[in-house]
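[1] pasting the sequence and the predicted coordinates here, then a few questions.
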Amino acid sequence: MEILSCVVILGICAAISAPYIGTHDDMRASSAARTLVSDLLYVQNQAIATSTKVYVQFDVTNSTYTVLTALPSTIATHPVNKSPFVVALNTGSLNGCGIQSVNFDDQTMLAFDELGTPYSVSGGVATALQSGKVIIKSGNYSLKVMVLPVTGQIIIQ
């Protein structure tokens with residue numbers, strides 16, 4: 001009888017905990033989105049601090065983004081690890097995450113100026129941003145990182 005009670009209790013515990021043992025796609029996507037937001041805020045603050053435009057080039061195919069201090073290809077140095085500032089989302093703790101789409105007024109490059117104002121960039125020409133978003137995906141779960149025009153406010157939806 002006691003063994004049967006233990007088996008029943010273990011079965012109930014397993015039934016309750018099974019949904020939480022899933023793929024954790026939501027947490028991975030959330031982590032990737034927070035990483036992107038953090039990096040975009042850093043880029044925006046660098047542009048303000050240096051009174052220059054600072055750029056972020058997104059590569060959807062490889063799920064990477066690169067921070068540039070000048071066009072066409074001067075890659076910034078990452079402030080923490082002192083290596084080129086290129087972030088690959090589908091590696092390490094973000095394995096399984098990717099950039100599903102990027103749209104900054106139909107462009108894949110974003111810039112911030114000395115006031116923190118966002119711009120879409122095409123062919124080296126910066127135009128005031130009208131709408132901007134990056135969709136981060138992990139498994140069946142996705143999050144949208146929005147960059148608002150004029151203010152440059154960055155939010156996750």
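    Arrived safely.
[2] now do the SS call for the most centrally placed residue in the chain.
    By Cα atoms, centre = their mean, the mean C-alpha position of the chain lies nearest to residue 36, the distance being 2.9 Å. Assigned with DSSP: H, G, I helix; E, B strand; the rest coil, residue 36 falls in the helix class.
[3] so it touches residue 134, yeah?
    Yes. Assessed by Cβ atoms under 8 Å, residue 36 is found in contact with residue 134 at 6.4 Å. Every C-beta, even on glycine, is put in place using the N, C-alpha and C of the backbone.
[4] what residues do these two have in common as contacts?
    Residues touching both residue 36 and residue 134 (Cβ atoms under 8 Å, 6 or more residues apart in numbering) are residue 145.
[5] low-confidence stretches in the protein?
    By pLDDT under 70, the weakly predicted segments of the chain are 1, 4, 6, 13-15, 17-23.
[6] check contacts around residue 114.
    Contacts for residue 114 (Cβ under 8 Å, 6+ apart) come out as 47-48, 50-53.
[7] that should have said residue 72, apologies.
    Contacts of residue 72 (Cβ under 8 Å, 6+ apart): residue 124.
[8] near residue 131, how many other residues are there?
    By the criterion of other Cβ atoms under 10 Å, residue 131 has 13 neighbours.
[9] so it touches residue 107, yeah?
    No. Using Cβ under 8 Å, residue 131 is not in contact with residue 107, being 11.0 Å away.
[10] where along the chain do the helices fall?
    For the chain, the helices defined by DSSP state H cover 2-17, 25-50.
[11] among the ones you listed, which is nearest residue 65?
    Judged by Cβ to Cβ, the one of the helices of the chain that comes nearest to residue 65 is helix 25-50, at 7.4 Å.
[12] follow-up on the earlier one: what sits against the residue nearest to the centre of the chain?
    Here residue 36 is in contact with 65, 87, 134, 136, 145 (Cβ under 8 Å, 6+ apart).
[13] so which pair among the residues you listed is furthest apart in space?
    87 and 145 (13.0 Å).
[14] would you mind measuring the gap between the ends of stretch 140-154?
    With Cα to Cα, to the nearest Å applied, stretch 140-154 spans 23 Å between its terminal residues.
[15] should've said stretch 116-127
    Taking Cα to Cα, stretch 116-127 runs 14 Å from one end to the other.
[16] any buried residues in it, and which?
    Judged by neighbour count using 16 or more other Cβ atoms under 10 Å, the buried positions of stretch 116-127 are 116-121, 126.
[17] just the strands in the chain please.
    Under the criterion DSSP state E, the chain contains strands at 54-59, 64-70, 74-75, 86-88, 97-104, 109-112, 118-122, 125-128, 132-138, 141-147, 154-156.
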